[in-house]
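>>> What follows is a predicted protein model with its sequence.
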Amino acid sequence: NSRSPSARSLKNNMLNDIFKRKIRKGRELNTKPRIIVDIHEKDSAIAANLIELGAEINLVSLQIGDFVIGDVIFERKTFSDFISSMLSKRLIEQLNQLKNHKSILILENYKEMSEIKGNLNPNSVRGMILSIISDYNIPIIFTKNSDETSDYLYLFAKRQLKPNVEIGLHS
């Protein structure tokens with residue numbers, strides 16, 4: 001072969017660089033969505049669902065919220081927990097902590113609203129929901145069950161892996 005050792009080594013280095021870039025790109029595309037899960041949620045169906053969907057979860061003792069994705073804190077409440085937290089005033093404490101962060105409330109099993117019993121007026125629940133949105137500036141996602149909650153969390157985590165793109169409306 002008429003090539004000098006330095007030309008051969010330069011060619012090999014170029015091929016190695018190209019190959020490394022392809023591997024790096026492949027890793028970026030195949031990176032699993034990462035979700036930080038509060039240790040108290042470790043035995044929940046949601047943690048198991050997230051793993052099954054393909055997320056990488058890290059169990060951590062969180063001071064506020066149940067899940068963290070990127071810089072967003074998610075507080076998850078089943079409807080019955082929402083009601084009991086509302087009545088015990090614990091919900092107000094949590095909202096005061098959440099309002100200082102980028103956060104989202106997930107309200108699961110909201111269909112149970114139609115089954116409110118006792119002295120609780122459904123309008124007080126509606127008022128609390130409106131207060132969360134308008135006074136605390138915390139968006140709410142309503143889900144029918146833990147499977148749908150898992151789907152939202154997983155999709156949100158997947159979105160964190162993609163670059164921001166402008167949303168366009170097509171006619």
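Arrived safely.

>>> E56: neighbouring residues, count only.
Neighbour count of E56, defined by other Cβ atoms under 10 Å: 12. C-beta here means a position set from N, CA and C on the backbone, and glycine is covered the same way.

>>> what's the nearest residue to it if we skip its chain neighbours?
Excluding its sequence neighbours, the residue lying closest to E56 (Cβ to Cβ, 6 or more residues apart in numbering) is K32, at 4.2 Å.

>>> so when I look at that neighbour, I'm seeing a strand, right?
No. Going by DSSP: H, G, I helix; E, B strand; the rest coil, the assignment for K32 is coil, not a strand.

>>> Show the pLDDT at the residue lying closest to I39 once chain neighbours are set aside.
Spatial nearest neighbour of I39, chain neighbours left out: S61 (4.8 Å); criterion: Cβ to Cβ, 6+ apart. Predicted confidence (pLDDT) for S61: 97.

>>> so S61 touches D38, yeah?
Yes. Counting by Cβ atoms under 8 Å, D38 is a contact partner of S61 at 6.9 Å.

>>> More neighbours: those two, which one.
Shown here are S61 and D38; by other Cβ under 10 Å, D38 has more neighbours (21 against 7).

>>> As a check, name the ranges of all helices in this protein.
5-30, 45-53, 79-88, 90-98, 122-134, 146-161 (DSSP state H).

>>> averaging pLDDT over each of these, which comes out lowest?
Among these, helix 5-30 has the lowest mean pLDDT, at a mean of 50.

>>> Report the contact partners of I69.
By Cβ atoms under 8 Å, 6 or more residues apart in numbering, I69 lies in contact with 33-36, 153, 156-157, 160.
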